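J.: no sequence for this one, just the structure:
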């Protein structure tokens, strides 16, 4: 997250407003730990590495458990503070801590030396997510806690050698965004000692509805979709920062069920907190994604009461869509445009053509085609996106293959696609392997539906999301 954005986030929460309420215990303790660790990392950790190498200390000062252990021949935090105050540490060849840094260490020691981790990495977040799910299990014996708990984290913003972000301001922004999007005053619960990882209770927010979508075959429904498609799953479909996870990792057993295909539409254990804030609210308005969530929450309530389903909202598919480059790309995102793995497996281009020539806009009532080119032989699937959000799998004449470096015009046959205000554009997804047909879903609203699509890997189509490139081709009408 750019530093300027962090500064802006802090400015958006006036100091007077924050000071009007007591600082939460997790925030007070977390800020002390963050400040102390920052001083130790910058002033001490280069020598106190835990290594027996010459010039290094066997005491790793960022190992909180060893630093604060009782009955061991290591300095307690109080002794560490005394050594810093009298100038014994760091040694004379290294810059001494500033008065502000010494004060930060002193406040941390006085508070009982609250815990901090050696690193704010993915393993740190996963460890606390797994532990929180385990803690929550006894509260509800009828349900698995991971079915209704999700998580957001700011841990990735703590970067050694860089100024600390105002986590309190970021937390307040996230709470405000979630409250605005759900019309429910909400304060997310911190699940780690530093106050960087937060629990999202889907039940409390009415984001846990099931059986909200119907499977579509063209314009016809094929029954209710019973797979994972809760309101929050729409967030996971959009998330651009998912990472590849190695099977058999230490955290895999407790998280395996949490991340299973039966439980989540994408195996994402947590989302970045500041990303979730921006995904829900832009300025003073709910984003189109947040409007989808709110619409589905209302549908959840109606279905739970056996009441007639309400109408949804006016859809804005691909509103404000931007390209995404990701290690695990969000292929089924509806508010991203081009989606490319990092690294890209091949180059793909798609453009509008009329009478065999590329055009920026299509003339109303005149036919047009899509011109697609890949630098490798690929298979593809094509989705038509209508202005009201409806999605249709689009068949094209001549099959679903592109030859390497051979441009091909795509059309349903005849002169091409018919222009008209109802077509917003096309999503083309390509892979060197055969792709499954997208599973198109339509919410069970009475009208003004929420639409989504899924690409489900299976034994027959075991595709790798990191091998798929997606292109968005908007259809703009003009002269």
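T.: Looks like it arrived, so ask away. Keep in mind that this is a model prediction, so the values were computed, not measured.
J.: Check what contacts the longest helix anywhere in the chain and list those residues.
T.: Selection of the longest helix in the chain by residue count, based on DSSP state H, yields helix 25-43. Here helix 25-43 makes contact (Cβ atoms under 8 Å, 6 or more residues apart in numbering) with 48, 61-62, 90, 94-97, 101, 104-105, 107-109, 111, 113-116, 158, 160-161, 164, 167-168, 171, 190, 193-196. Where C-beta positions appear, they are placed from N, C-alpha and C, glycine not excepted.
J.: burial measure for residue 422, as a count.
T.: Residue 422: 12 surrounding residues under other Cβ atoms under 10 Å.
J.: Equivalent analysis for residue 108, please.
T.: 24.
J.: now it, nearest residue through space, not along the chain?
T.: Leaving aside its sequence neighbours, residue 108 sits nearest to residue 36 (Cβ to Cβ, 6 or more residues apart in numbering; 3.6 Å).
J.: Check what pLDDT that neighbour gets.
T.: pLDDT recorded at residue 36 is 90.
J.: do you know how far it is from residue 112?
T.: From residue 36 over to residue 112 the distance is 11 Å, taken as Cβ to Cβ, to the nearest Å.
J.: which one of those two has more residues nearby?
T.: Between residue 36 and residue 112, counted using other Cβ under 10 Å, residue 36 has the larger neighbour count: 25 against 11.
J.: Now do that one against residue 103, distance only.
T.: Distance check for residue 36 against residue 103: by Cβ to Cβ, it reads 11 Å.
J.: circling back to that earlier point, filter the contacts of helix 25-43 down to just the buried residues.
T.: With neighbours counted by 16 or more other Cβ atoms under 10 Å, these contain buried members at 48, 61-62, 90, 97, 101, 104-105, 108-109, 113-114, 116, 158, 167-168, 171, 190, 193-196.
J.: so where is the stretch 151-300 of the chain shaky, pLDDT-wise?
T.: Across the stretch 151-300 of the chain, the ranges flagged by pLDDT under 70 are 246-251.
J.: one more time with 90, if that's ok
T.: Confidence mapping of the stretch 151-300 of the chain against pLDDT under 90 gives the ranges 161, 186, 209-210, 217-222, 226-228, 243-263, 267, 283-284.
J.: what about the nearest residue to residue 344 once chain neighbours are set aside, distance to residue 325?
T.: Taking Cβ to Cβ, 6+ apart, and ignoring the residues beside it in sequence, residue 344 has residue 469 as its nearest neighbour in space, at 6.5 Å. Separation of residue 469 from residue 325 (Cβ to Cβ): 11 Å.
J.: where do the contact lists of those two overlap?
T.: By Cβ under 8 Å, 6+ apart, residue 469 and residue 325 have these common neighbours: 340, 341, 344.
J.: mind listing what the second one touches?
T.: When you say that, I think you mean residue 341. With contacts taken as Cβ under 8 Å, 6+ apart, residue 341 has the following neighbours: 325, 326, 327, 328, 329, 465, 466, 467, 468, 469.
J.: Spatially nearest residue to the second one (excluding sequence neighbours)?
T.: The shortest distance from residue 326 to any residue that is not its chain neighbour, by Cβ to Cβ, 6+ apart, is 4.9 Å, and that residue is residue 240.
J.: For residue 447, see how far away that neighbour is.
T.: Counting by Cβ to Cβ - residue 240 and residue 447 are separated by 31 Å.
J.: The residue sitting furthest away from the middle of the chain and residue 80, how far apart?
T.: The C-alpha centroid of the chain is most remote from residue 86, which lies 46.4 Å away (Cα atoms, centre = their mean). Distance of residue 86 to residue 80, given as Cβ to Cβ: 11 Å.
J.: Could you find the closest non-adjacent residue to residue 78?
T.: residue 109 (5.9 Å).
J.: List of residues touching the host helix or strand of the one you found?
T.: In the assignment (DSSP states H and E), residue 109 maps to helix 99-110. Here helix 99-110 makes contact (Cβ under 8 Å, 6+ apart) with 32-33, 35-36, 38-40, 43, 77-78, 80-81, 84-85, 97, 114.
J.: Stretch 224-231 too?
T.: Contacts of stretch 224-231 (Cβ under 8 Å, 6+ apart): 202, 206-215, 261-265, 292-293, 296-297, 300, 439, 441, 444, 452, 454.
J.: can you give me the helices in this protein?
T.: Applying DSSP H to the chain gives helices spanning 3-11, 15-19, 25-43, 64-67, 77-85, 99-110, 122-136, 167-182, 202-205, 231-238, 252-256, 273-280, 288-304.
J.: Out of those, flag the one nearest residue 376.
T.: helix 231-238 (26.7 Å; Cβ to Cβ).
J.: can you state the direction angle for that closest one and helix 167-182?
T.: Counting by axes from the mean of the first three to the mean of the last three Cα atoms, to 10 degrees, helix 231-238 lies at 120 degrees to helix 167-182.
J.: Where does pLDDT dip in the stretch 351-479 of the chain?
T.: In the stretch 351-479 of the chain (pLDDT under 90), the answer is 355-356, 361-366, 414-415, 418-422, 436-437, 456-465, 476-479.
J.: those strands in it, which residues are they?
T.: Secondary structure of the stretch 351-479 of the chain (DSSP state E, counting those that start in this stretch): strands located at 357-358, 362-363, 369-374, 378-386, 391-393, 401-402, 408-410, 423-431, 439-443, 451-454, 469-474, 477-478.
J.: Adding mean neighbour count, write these out as a markdown table.
T.: Below are the strands of the stretch 351-479 of the chain laid out as a markdown table (neighbours: other Cβ atoms under 10 Å):
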| stretch | mean neighbour count |
| --- | --- |
| strand 357-358 | 8 |
| strand 362-363 | 18 |
| strand 369-374 | 21 |
| strand 378-386 | 21 |
| strand 391-393 | 18 |
| strand 401-402 | 18 |
| strand 408-410 | 18 |
| strand 423-431 | 22 |
| strand 439-443 | 22 |
| strand 451-454 | 22 |
| strand 469-474 | 22 |
| strand 477-478 | 12 |
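J.: quick one on the thing from earlier: the residue nearest to residue 344 and residue 384, how far apart?
T.: Noted for residue 469: a distance of 19 Å to residue 384, by Cβ to Cβ.
J.: As TSV, the helices of the chain with distance to residue 411 would be great.
T.: Compiled in TSV, the helices of the chain are given as follows (distance: least, Cβ to Cβ, whole Å):
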stretch	distance to residue 411
helix 3-11	43
helix 15-19	57
helix 25-43	58
helix 64-67	63
helix 77-85	71
helix 99-110	66
helix 122-136	45
helix 167-182	41
helix 202-205	43
helix 231-238	29
helix 252-256	45
helix 273-280	35
helix 288-304	30
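J.: Residue 422: which of the ones you listed is closest?
T.: Closest among the helices of the chain, using Cβ to Cβ: helix 288-304, at 18.5 Å.
J.: Now that closest one: buried residues?
T.: Buried residues in helix 288-304, counted by 16+ other Cβ under 10 Å: 288-300, 302-303.
J.: What residue spans form the domains of this structure?
T.: According to automatic domain parsing, the chain comprises the domains 3-110, 122-304, 322-478.
J.: so can I have CSV of those domains showing distance to residue 312?
T.: CSV is the format used below for the domains of the chain (distance: least, Cβ to Cβ, whole Å):
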stretch, distance to residue 312
domain 3-110, 30
domain 122-304, 4
domain 322-478, 4
